[in-house]
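In: Have a look at this prediction, sequence included:
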Amino acid sequence: MVVEAVKNIKEIKEFNDHRLVLRFEDKKLNLRGFVAIHNDNLGPATGGTRMFPYQNEKEALVDVLRLSRAMTYKCALAGVRHGGGKAVIIGNPGKIKNKELLKNYARVINELNGRFHTGEDVGISEDDVQVMLTESKFFIGRKGIAGDPSPYAALSTFYAIKTGIAEVFGSENLENRSVAIKGIGKVGSELMRLTLNEGAKICIADIESARVDATQKKFPKIKTVDTKDIHRQLVDVLSPCALGNDISQENIKEIHARIICGGANNQLTNNEIGDELFQRRILYVPDYVANAGGLINVVDELEKDGYNRDRVLKRIENIKKTLSTIYLLAKQRNQPPFRIADKLAEEIFNGNSHRQS
Ligand code: NAD
């Protein structure tokens, strides 16, 4: 196994003074990827491990740099004492993932000696985490303790949608409000259940047609549309819950929703898209604030007094207050909420602001 610092990392546009960027490779096992620690001012870095069939190493490196940076901002505004990190493993989980590969990857994480704690993400399941825990104590999301973070990510996104609805329509009541959900995987399907329970009208799309069919069979009232049409729906809320990069120059003019709020990470292809949404009077709820429930849940395992579900639920509910503050400052300063969120987060992790956790 080779574990080495990435050479010429400063030449990559997405590099943002990351504290540590490592490349690892074990040719025999077909194990290859990167670990990035963006910032650890608030505490040890944390962030999931993603396994994805990236086209090449550059694509994986860019992803780990972007995702680890977003984790720093997410931790800061979620009120947890952790910094941002992320890891990516290059490869199709369905083809190359096996116990030996996972255990060897866990040994790479051991080399960081607690500077980075990680857990599940796209391509890495709760069961995989249990396998890696046999080799390393630096994995979080233990079965029977915090477990799968996705229901908590869905819960925080649900609260975030309610704050968005209240901000735009004056009441957080979801009855007869309409929500279009792109991606009905772990987060999207739970979010669908929560919003349906409150009387919202739901429209869904997913590239997995079998998943769409099964969902509609179970919930005959929901509408299903093609993935290429989901952003065009005449709905109150567009909720990206797939793999990110959902809002781009190509589709921004076709969005009719008044609010964009979903569980996916990195929903905007770039910040200028966020500025344009603001000009178009579409409320974009910053993704890393909305979906922080999953993080809040798993890092609670690292608290000195052990995992406490009540504290987790309280912190998740607190996201509503954080978003209200962001909306208020956004109005006062006439700036997009996502820019305000970034500024608040930077003040917290750079130590210019003190926050109760
Ligand atoms: P998942 O893999 O369970 O679900 C993703 C779903 O999106 C799948 O059903 C997939 O078929 C669908 N999809 C993929 N590309 C699509 C496309 N182009 N159009 C429509 N559907 C598409 O993943 P998840 O755990 O639900 O995570 C979803 C998003 O939420 C990811 O961006 C993830 O980073 C983010 N997130 C997840 C958690 C968590 O705890 N799981 C926490 C915070 C954020």
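Out: Thanks, I have it. Bear in mind that the values here come from a model prediction, so they are computed numbers and not experimental data.

In: The stretch 51-200 of the chain against the ligand: which residues are in contact?
Out: Applying CB under 6 Å from any ligand atom, we find that the stretch 51-200 of the chain lies next to the ligand at 122, 149, 150, 153, 182, 183, 184, 185, 186, 187, 188. No exception for glycine: its C-beta is placed from N, CA and C like everyone else's.

In: Kindly format the C-alpha coordinates of stretch 239-249 as PDB.
Out: Only the C-alpha atoms of stretch 239-249 are listed here, as PDB (Å, rounded to 0.1, in the frame of the first residue of the first chain):
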ATOM      1  CA  SER A 239     -35.700  19.300  -3.900                       C
ATOM      2  CA  PRO A 240     -32.500  17.900  -5.300                       C
ATOM      3  CA  CYS A 241     -31.700  14.700  -3.500                       C
ATOM      4  CA  ALA A 242     -29.600  12.900  -6.100                       C
ATOM      5  CA  LEU A 243     -25.800  13.300  -6.600                       C
ATOM      6  CA  GLY A 244     -25.400  17.100  -6.900                       C
ATOM      7  CA  ASN A 245     -24.600  19.600  -9.600                       C
ATOM      8  CA  ASP A 246     -28.300  19.900 -10.300                       C
ATOM      9  CA  ILE A 247     -28.700  23.600 -11.000                       C
ATOM     10  CA  SER A 248     -26.600  24.900 -13.900                       C
ATOM     11  CA  GLN A 249     -26.600  27.500 -16.600                       C
END
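
In: Name the residues of the stretch 201-350 of the chain found near the ligand, please.
Out: Applying CB under 6 Å from any ligand atom, we find that the stretch 201-350 of the chain lies next to the ligand at 205-208, 211, 227, 241-244, 263-265, 291, 294.

In: Disregarding residues adjacent in the polypeptide, which is nearest to residue 259?
Out: Nearest in space to residue 259, with sequence neighbours left out and distances taken as CB to CB, 6 or more residues apart in numbering, is residue 164 at 4.2 Å.

In: list the buried ones in stretch 40-55?
Out: 40, 42, 44, 45, 46, 47, 48, 49, 50, 51, 52, 54 (16 or more other CB atoms under 10 Å).

In: swap that for stretch 122-129, sorry
Out: By neighbour count on 16+ other CB under 10 Å, the buried set for stretch 122-129 is 122, 123, 124, 125, 126, 128, 129.

In: Which of the residues of the stretch 51-200 of the chain next to the ligand lies at the shortest distance from residue 321?
Out: residue 153 (18.4 Å; CB to CB).

In: Specify the local secondary structure of residue 179.
Out: strand (DSSP: H, G, I helix; E, B strand; the rest coil).

In: I figured it was touching residue 203, is that so?
Out: Yes: between residue 179 and residue 203 there is a contact at 7.4 Å, judged by CB atoms under 8 Å.

In: hey, what's in contact with both of the two?
Out: residue 235 (CB atoms under 8 Å, 6 or more residues apart in numbering).

In: how about the CA coordinates for stretch 32-47, as PDB?
Out: Listed next in PDB are the C-alpha coordinates belonging to stretch 32-47 (Å, rounded to 0.1, in the frame of the first residue of the first chain):
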ATOM      1  CA  ARG A  32      -7.100   3.800  -5.000                       C
ATOM      2  CA  GLY A  33      -8.300   7.100  -3.800                       C
ATOM      3  CA  PHE A  34      -7.800  10.300  -1.800                       C
ATOM      4  CA  VAL A  35      -8.300  11.700   1.700                       C
ATOM      5  CA  ALA A  36      -8.500  15.400   2.200                       C
ATOM      6  CA  ILE A  37      -8.600  17.400   5.400                       C
ATOM      7  CA  HIS A  38      -9.800  20.900   4.600                       C
ATOM      8  CA  ASN A  39      -9.700  22.600   8.000                       C
ATOM      9  CA  ASP A  40      -9.500  21.300  11.600                       C
ATOM     10  CA  ASN A  41      -9.700  24.600  13.600                       C
ATOM     11  CA  LEU A  42     -12.800  23.500  15.400                       C
ATOM     12  CA  GLY A  43     -11.700  19.900  16.100                       C
ATOM     13  CA  PRO A  44     -10.800  16.700  14.300                       C
ATOM     14  CA  ALA A  45     -12.000  16.500  10.700                       C
ATOM     15  CA  THR A  46     -15.000  14.500   9.800                       C
ATOM     16  CA  GLY A  47     -16.800  13.600   6.600                       C
END
